[in-house]
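[1] have a look at this prediction, sequence included:
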Amino acid sequence: MSRHRQRPTTPREDRIPWSAMAGIIATVTVFAMAQGLTYPLLSFILERQGTTPGLIGLSAAMTPLGFIVSAPFLPALARRVGGARLAILCSLFAVVALFAIACAQNVWAWMPLRFLLGIFANPLYVISETWLMSITPASSRGRIMGLYSSIVSGGFAIGPLTLGLVGTQGWPPFMVGMLAFIVCGLIVLAVVPRLPDMQHDGEATSVGGFFALAPLLLFAVFVAAAFEQIMLSLFAVYGAAFGSAEERVASLITCFIAGNAVLQVLLGRVAETFGSTRAMLLCALVSLLGCLLLPWVFTSWFIWPLVFVWGGVSFGIYTMALIRLGERFSGQALIAGNAAFAAVWGIGGIAGSPATGLAMQLIGPQGLPSSLGVLCFLLTMFLITLGRRH
């Protein structure tokens, strides 16, 4: 860090375009709020209808399936349509999809609709993260990407918290989600003049080809995605097994995501000081510890600080992967990398939620922390053995 401050730098290297960053982050934050509301809301509704945990998990997996299917097309689509225009269109389409979900209160009707919601959500994350990494100075990447993750996680936290205010019955929670999607499009429209062009320099890299370039990073994204999807879609089922009220479980999910929002900037600092790979290993180890402690503390007061820290470090795995992606790649490879991240995020959600739901049917509610613990253990082992080479 000191070398960056001592040597002369150009304005392009030093200047942080805060207005463009504010628009990018605000867009994704509002969208994240709507998604953070949708996952537990639909799980609560399905739980009341007597749907099995496995089918609830399968329903939740439809949104990340949309991520997977749309990811390979995003680099070309962003070039052809334009990043800002694509983001605005996706926001509007998401409103229509959520309206249809509200009208069709049926698990089977929700399958294709949640799939479409994933398709419409994906471009916003890919475009925003590519924009941010393209305009962020290398010397500040850890803190800024941590700030991005923190604010977006705050959006996710507001989603479940909103359920405590408007309830999980009827139209009010769906109206909040649709309004959030509309606001998202309006923010993009307002900041279009300040948004940077997508970079298309460097050697062309496909989404599939990127898997061979950074397998460890992609596995880290898989773990972070599975962790979050499982918690958002099945923690309500876990809480119901202990007789917890829906309001308490929704508040615990909010606390879990609030840990993301508060801790990401600190973790970004850790990445700048010790390196993103070591910081990722720390996140994996603490996440594993949380998996081991959850069954013992769920009914005690200690569950609140545990889920707070647990939420921060589990999502911190993704933040560290983003930082490392920005360190290693640029141009077309960066766009392909972000699209690959989105695809793997979808794969993590699809594999994680149904598998954990099945585990909970077979061995009881402790199938949730057991499944999460296996993922964290594997990532820890891979980071220890392969981290230096990746």
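    Structure received.
[2] any low-confidence regions in the stretch 1-150 of the chain?
    1-16 (pLDDT under 70).
[3] which residues touch residue 90?
    Going by CB atoms under 8 Å, 6 or more residues apart in numbering, residue 90 touches 120, 121, 122, 123, 124. (Each C-beta comes from the backbone N, C-alpha and C, glycine too.)
[4] one more: residue 142?
    268, 269, 270, 271, 272, 276, 323.
[5] so the fourth one is in which element?
    According to DSSP states H and E, residue 271 maps onto helix 246-274.
[6] buried stuff in that helix?
    Residues of helix 246-274 classed as buried: 246, 249-265, 267-268, 270-272 (neighbour count, 16 or more other CB atoms under 10 Å).
[7] what of stretch 282-295?
    282, 283, 284, 285, 286, 287, 288, 289, 290, 291, 294.
[8] now the stretch 201-350 of the chain, which segments are flagged as low pLDDT?
    Along the stretch 201-350 of the chain, the model assigns pLDDT under 70 to residues 201-205.
[9] follow-up on the earlier one: I'd like to know which elements the helix holding residue 271 is packed against.
    helix 18-48, helix 141-166, helix 215-241, helix 276-297, helix 303-328 (3 or more CB pairs under 8 Å, 6 or more residues apart in numbering; DSSP states H and E).
[10] how about those, which one is nearest residue 78?
    Between residue 78 and those, the shortest gap by CB to CB is with helix 18-48, which sits at 13.9 Å.
[11] what angle separates the closest one from helix 141-166?
    Here helix 18-48 runs at an angle of 40 degrees relative to helix 141-166 (axes from the mean of the first three to the mean of the last three CA atoms, to 10 degrees).
[12] contacting residues around the next helix or strand after helix 18-48?
    As assigned by DSSP H and E, the chain's next helix or strand after helix 18-48 is helix 53-60. For helix 53-60, the surrounding residues in contact (CB under 8 Å, 6+ apart) are 39, 42-43, 46-47, 51, 107, 110-111, 114, 229-230, 232-234, 237, 349, 353-358, 360-361.
[13] weed out the non-buried ones from those residues.
    For the contacts of helix 53-60, a burial check counting by 16+ other CB under 10 Å picks out 39, 42-43, 46-47, 51, 107, 110, 114, 229-230, 232-234, 237, 349, 353-358, 360.
[14] which one of the contacts of residue 142 is nearest to residue 381?
    Proximity of the contacts of residue 142 to residue 381, judged by CB to CB, is greatest for residue 276, which lies at 18.2 Å.
[15] isn't the closest one up against residue 326?
    No. Counting by CB atoms under 8 Å, residue 276 does not reach residue 326; the two are 9.2 Å apart.
[16] look at these two and report which has more neighbours.
    When residue 276 and residue 326 are compared for neighbours, residue 276 comes out ahead with 27 against 24, by other CB atoms under 10 Å.
[17] gap between that one and residue 182?
    In this view, residue 276 and residue 182 are 36 Å apart by CB to CB, to the nearest Å.
[18] residue 66 too?
    As judged by CB to CB, residue 66 and residue 182 stand 20 Å apart.
[19] which one's more surrounded, these two?
    Each of residue 66 and residue 182 has its neighbours counted (other CB under 10 Å); residue 66 has more, 24 against 16.
[20] ok now stretch 31-40, how far from the chain's centre?
    Here stretch 31-40 is found 11 Å from its chain centre; the criterion is CA atoms, centre = their mean, to the nearest Å.
[21] other residues contacting that stretch?
    For stretch 31-40, the external contacting residues (CB under 8 Å, 6+ apart) are 60, 63, 91, 94, 98, 101, 117, 121, 124, 152-153, 155-160, 162-163, 173, 176-178, 180-181, 184, 229, 232-233, 235-236, 249-250, 253, 257.
[22] same thing but 6 Å
    With contact meaning CB atoms under 6 Å, 6 or more residues apart in numbering, stretch 31-40 is reached by 124, 152, 155-156, 158-160, 162, 177, 180-181, 184, 232-233, 236, 253.
[23] now swap in stretch 92-99 and tell me
    Residues from elsewhere that reach stretch 92-99 (CB under 6 Å, 6+ apart): 113, 116, 117, 120, 177, 178, 181, 182, 185.
[24] any idea which of the residues you listed is closest to residue 29?
    Nearest member of the contacts of stretch 92-99 to residue 29, counting by CB to CB, is residue 181, at 12.6 Å.
[25] much appreciated, bye for now.
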